[in-house]
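**Student:** Sequence and computational prediction follow.
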Amino acid sequence: GSALVYSTYLGGNGDDQANAIAVDASGDAYIAGSTDSSNFPITPGAFQTTGGFLNIEGFVTKLNATGSALIYSTYLLGSRVGVSGIAVDSAGNPYITGSGFISTTLGAFRTCCTGAFVAKLNVATRSFAYSTYLSGNGNDRGAAVAVDSAGNAYVTGDTSSATFPTTAGAFQTTFGGGGSDAFATKLNATGAALVYSTYLGGSGDDVGRGIALDSARNAHVTGGTNSTNFPTVNPAQASLGGLGDAFLTKLDAAGSALGYSTYIGGSGQDEGYGLTLDSSANAYVAGSTQSSNFPTTVGAFQTTLGGARDAFVAKFQATGAFAYSIYLGAGGAEVGRAIAVDTAGHAYVTGETASTGFPTVNPAQAAVWRRIGRYIRLQSRPGQPGAGAQLAHSRERHRRRRRLYPDPAWRELRGGLRGALGGSRSRDDFSQRHPVDRLHSRQRPCRGGDGPGNGVESPTRRRPVRRLDLHHFDPGFEPHPDGHLPLAGDGDG
């Protein structure tokens with residue numbers, strides 16, 4: 001962790017945001033996100049070679065293992081597309097999820113009209129293998145995606161739709177209430193049908209942020225909830241701890257029952273973003289907490305809250321019991337965004353920090369920059385005292401007034417960074433909403449029905465939107481589902 005293997009810019013003349021990354025067995029990296037650059041680096045013969053100008057496009061880029069060249073890079077057909085999650089199958093085909101207007105394919109599960117989507121890119125034909133919406137009559141956003149060896153895609157996110165597509169026999173087939181429910185959906189390999197689809201939520205606000213699979217194809221989901229009746233089974237923590245908690249839920253392979261489901265949190269505001277599993281089906285969750293009594297374990301690396309908000313890392317046994325849980329932070333504010341684990345069980349965490357005293361060991365960069373830009377990323381191996389921690393990536397750039405993905409958690413970080421380092425606040429305020437979400441909430445075409453491929457639309461009308469805020473669960477502000485600057489979080493890290 002003392003040196004960079006490679007580091008590169010990826011962008012054009014506009015705002016470019018990478019929200020998710022996956023790596024294949026050859027070490028090639030797949031990056032997905034959003035851009036409004038008209039000259040974003042695109043490779044010849046790509047699926048879509050033009051886009052950007054005055055429009056937000058999704059993109060998928062594949063970098064070689066040394067980071068020295070693009071294998072391919074493409075815009076995604078659509079408009080105001082926000083890509084928040086990516087996974088890659090054994091053949092190197094990327095699966096993406098997010099929200100916006102995206103082109104759909106013939107025979108896809110749902111071809112109308114906007115909202116959460118899932119798409120598979122066929123790298124051999126340089127086209128969509130399939131592209132489908134997952135949406136109902138409200139606001140629906142995909143946050144993270146995973147794929148199994150048979151090519152089935154597993155997606156989580158959040159929905160305010162009472163008509164979000166669910167399947168017979170699924171664990172929860174009706175909307176729980178509040179502003180949104182999390183969801184977990186399994187699509188078949190062709191994208192033409194649902195294997196299962198279920199809500200995950202109670203009477204409050206619930207969002208899905210990360211998803212991961214074990215060897216038995218049980219889906220594990222993390223996110224945030226302020227529901228006092230969020231479904232729990234064999235919980236490590238049986239009740240809501242405060243303003244809002246993270247959660248970890250294990251669904252069986254049929255999507256019909258929970259193996260375990262638990263709250264994770266204290267008396268403040270807590271939320272899970274990143275999730276991964278090891279070969280023994282132990283689950284590792286990264287997120288953020290404002291709770292001074294967040295549940296930590298004896299002997300953990302850090303057992304007390306360092307500032308206004310810390311990252312947290314928690315490991316759960318295959319039964320759902322705590323293995324360890326730690327804070328990760330100092331005097332400012334931190335958020336843990338994504339997590340991965342190696343074969344030895346070391347956890348690697350990335351996120352943001354506003355703390356000049358964030359713990360570093362053998363760092364590639366030992367201190368926060370004096371001039372702070374959009375974010376600072378950190379990586380850490382928090383499983384034991386003295387484990388390595390490093391600031392692995394930092395970026396500074398001019399901010400444009402229009403944000404691709406405003407994130408409420410970043411408002412606190414941004415304030416901490418500015419205040420701690422002598423900066424001033426910009427008029428560029430994170431209370432501005434994502435253009436995609438503005439379109440969804442204010443001018444979304446209302447469907448005449450919710451069946452697959454239903455193209456009937458009624459005239460556009462305005463509707464009130466209830467939204468989840470990461471700090472106060474305030475319906476007046478909407479985070480992006482992936483939790484990347486936002487989360488996007490994230491899928492399985």
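**Tutor:** Alright, I've got the coordinates. Numbering: from 1, shown residues only.
**Student:** going forward, measure contacts between C-alpha atoms and count neighbours the same way
**Tutor:** Fine.
**Student:** Please save the CA atoms from the biggest strand by length in the chain in PDB.
**Tutor:** Longest among the strand segments of the chain by residue count, using DSSP state E, is strand 78-88. Only the C-alpha atoms of strand 78-88 are listed here, as PDB (Å, rounded to 0.1, in the frame of the first residue of the first chain):
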ATOM      1  CA  GLY A  78     -30.500   6.900 -23.500                       C
ATOM      2  CA  SER A  79     -31.000  10.300 -21.900                       C
ATOM      3  CA  ARG A  80     -30.100  11.500 -18.400                       C
ATOM      4  CA  VAL A  81     -28.800   8.000 -17.600                       C
ATOM      5  CA  GLY A  82     -27.300   7.500 -14.200                       C
ATOM      6  CA  VAL A  83     -25.300   4.300 -13.800                       C
ATOM      7  CA  SER A  84     -24.700   3.300 -10.200                       C
ATOM      8  CA  GLY A  85     -23.700  -0.400 -10.300                       C
ATOM      9  CA  ILE A  86     -21.700  -2.800 -12.400                       C
ATOM     10  CA  ALA A  87     -20.800  -6.500 -12.300                       C
ATOM     11  CA  VAL A  88     -19.000  -8.700 -14.800                       C
END
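**Student:** Buried by neighbour count: which residues of that strand qualify?
**Tutor:** For strand 78-88, the neighbour count (16 or more other CA atoms under 10 Å) marks 78-88 as buried.
**Student:** again, but for stretch 232-248
**Tutor:** So for stretch 232-248, counting by 16+ other CA under 10 Å, buried means 232-233, 235-241, 243-248.
**Student:** with these in mind, which one is nearest to Ser34?
**Tutor:** Ser34 lies nearest to Ala246 out of these, by CA to CA, at 26.5 Å.
**Student:** so that closest one, which of the three states?
**Tutor:** strand (DSSP: H, G, I helix; E, B strand; the rest coil).
**Student:** Just grab the bridge partners of it for me.
**Tutor:** Beta-bridge partners of Ala246, counted by DSSP bridges, are Gly224, Ile264.
**Student:** wait, doesn't Glu241 sit right on Gly266?
**Tutor:** Just so we're on the same page, residue 241 is Gly rather than Glu. Yes: using CA atoms under 8 Å, Gly241 is in contact with Gly266, at 4.6 Å.
**Student:** helices or strands up against the strand or helix carrying Tyr273?
**Tutor:** Following DSSP states H and E, one finds Tyr273 within strand 270-277. Judged by 3 or more CA pairs under 8 Å, 6 or more residues apart in numbering; DSSP states H and E, the packing partners of strand 270-277 are strand 206-213, strand 219-225, strand 245-251, strand 283-289, strand 334-341.
**Student:** returning to what we had before: now flag whichever of the buried residues of strand 78-88 is closest to Phe171.
**Tutor:** Closest to Phe171, out of all of the buried residues of strand 78-88 and judged by CA to CA, is Gly85, at 23.7 Å.
**Student:** That closest one and Asp252: what is the separation?
**Tutor:** According to CA to CA, to the nearest Å, Gly85 stands 22 Å off from Asp252.
**Student:** Repeat that for Asp15.
**Tutor:** 40 Å.
**Student:** Neighbour count: the two, which is higher?
**Tutor:** Taking other CA atoms under 10 Å, Asp15 and Asp252 do not tie; Asp15 has more neighbours (20 against 17).
**Student:** And for the strand or helix carrying Ala182, what's in contact with it?
**Tutor:** Remark: Ala182 resides in strand 181-187, with elements defined by DSSP H and E. Strand 181-187 has contacts (CA atoms under 8 Å, 6 or more residues apart in numbering) with 152-160, 175, 193-202, 205-208, 221, 223.
**Student:** moving C-terminal of that strand, what's the next helix or strand?
**Tutor:** Past strand 181-187, the next helix or strand by DSSP H and E is strand 194-200.
**Student:** neighbouring contacts of that next one?
**Tutor:** Residues outside strand 194-200 that contact it (CA under 8 Å, 6+ apart) are 109, 165-168, 170-176, 181-188, 206, 230-231, 254-255.
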